[in-house]
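> Based on what follows, work out the 3D shape:
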Amino acid sequence: MTDEELRQVWLVERSYGHDEDLVTLVYATVDGSLARKKQLSHNMLYGKTITAARDESRDDLDEVRDDETRTRYAEEAARMAENHDPDDTV
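This next block holds a predicted model:
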């Protein structure tokens, strides 16, 4: 995979399901235009390192169409990028 196919995305949202045993992680580009949502069970999180940023294939990222969400993701991604190194555990 070439560098052009990879995008750096930052953790912008972490939420815990109340009815299900799921944790939702959302990583987004600094401009908030692309995001990847992952849902993992609480059990799957044990032993996994959640980092401030990660590199994702462009094909695995979805467009963020809602302006309010895109702005929120951009603000949070910028905050994370300012306060953390990509490999920081968060």
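
> And the closest residue to A78 other than its chain neighbours, how far from H42?
By the measure of Cβ to Cβ, 6 or more residues apart in numbering, the closest residue to A78 outside its immediate chain neighbours is V30, 5.9 Å from it. (C-beta placed from N, C-alpha, C; glycine too.) Relative to H42, V30 is positioned 29 Å away (criterion: Cβ to Cβ, to the nearest Å).

> So those two - more neighbours on which side?
V30 (20 against 12; other Cβ atoms under 10 Å).

> if we can go back for a sec, secondary structure class for the residue nearest to A78?
Here V30 is coil, with the state taken from DSSP: H, G, I helix; E, B strand; the rest coil.

> and it, what pLDDT?
pLDDT recorded at V30 is 97.

> tell me the mean pLDDT for the longest helix along the chain?
Taking DSSP state H as the assignment, the helix of the chain that covers the most residues is helix 67-83. What helix 67-83 shows for mean pLDDT is 98.

> starting at the chain centroid, how far to that helix?
Centroid separation for helix 67-83 versus its chain: 10 Å, with Cα atoms, centre = their mean, to the nearest Å.
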